[in-house]
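Participant: I would like the atomic coordinates for the input below:
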Amino acid sequence: MLRVYSGYRYSWARRDRRLLRAFAEQAAIAIENARLYESLRRNYLDTVGALARAMEAKDPFTVGPL
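Facilitator: As a prediction, this is how the structure comes out:
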């Protein structure tokens, strides 16, 4: 949430509105990038875990508890 105050009630110049919109758009982009990064990190760790389990399963000596 972005809360902005003005010295004048209900009075925002066009320049101010454009600047606030740019801030809001940048915040939205940053939030989406953080979500995408977390998803990428989670998928990477899942992939590494799956590969490790597959490698361990090929050798009876390294296979973990069933």
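
Participant: Residue 57 and residue 2, how far apart?
Facilitator: 51 Å (CB to CB, to the nearest Å). Backbone N, C-alpha and C define where each C-beta goes, glycine included.

Participant: what about those two, which has more around it?
Facilitator: Taking other CB atoms under 10 Å, residue 57 and residue 2 do not tie; residue 57 has more neighbours (12 against 7).

Participant: In stretch 49-56, which residues are buried?
Facilitator: Counting neighbours by 16 or more other CB atoms under 10 Å, one finds that stretch 49-56 has no buried residues.

Participant: Quick check: closest non-adjacent residue to residue 4.
Facilitator: Nearest non-adjacent residue to residue 4, counting by CB to CB, 6 or more residues apart in numbering: residue 20, 6.0 Å away.

Participant: Pull the contacting residues for that neighbour.
Facilitator: Going by CB atoms under 8 Å, 6 or more residues apart in numbering, residue 20 touches 2, 4, 12.

Participant: quick one: which of these sit in strands?
Facilitator: Counting by DSSP state E, none of the members of those fall within strands.

Participant: Just the closest of these to residue 45, please.
Facilitator: Using CB to CB, residue 2 is the member of the contacts of residue 20 that sits closest to residue 45, with 32.9 Å.

Participant: I'd assumed residue 26 was in contact with the closest one.
Facilitator: No: counting by CB atoms under 8 Å, residue 26 is not a contact partner of residue 2; they are 10.5 Å apart.

Participant: the helices in the chain, which residues?
Facilitator: 14-57 (DSSP state H).

Participant: low-confidence ranges in it?
Facilitator: 63-66 (pLDDT under 70).

Participant: redo that, cut-off 80
Facilitator: Scanning the chain for pLDDT under 80 picks out the ranges 1-2, 6-11, 59-66.

Participant: ok, how many other residues are close to residue 5?
Facilitator: Other residues near residue 5 come to 4 when the count uses other CB under 10 Å.

Participant: do the same with residue 8
Facilitator: Count around residue 8 with other CB under 10 Å applied: 7.

Participant: what does residue 19 give?
Facilitator: 13.

Participant: One more: residue 7?
Facilitator: 5.

Participant: backbone phi and psi for it, please?
Facilitator: phi -70, psi -20 (degrees, to the nearest 10).
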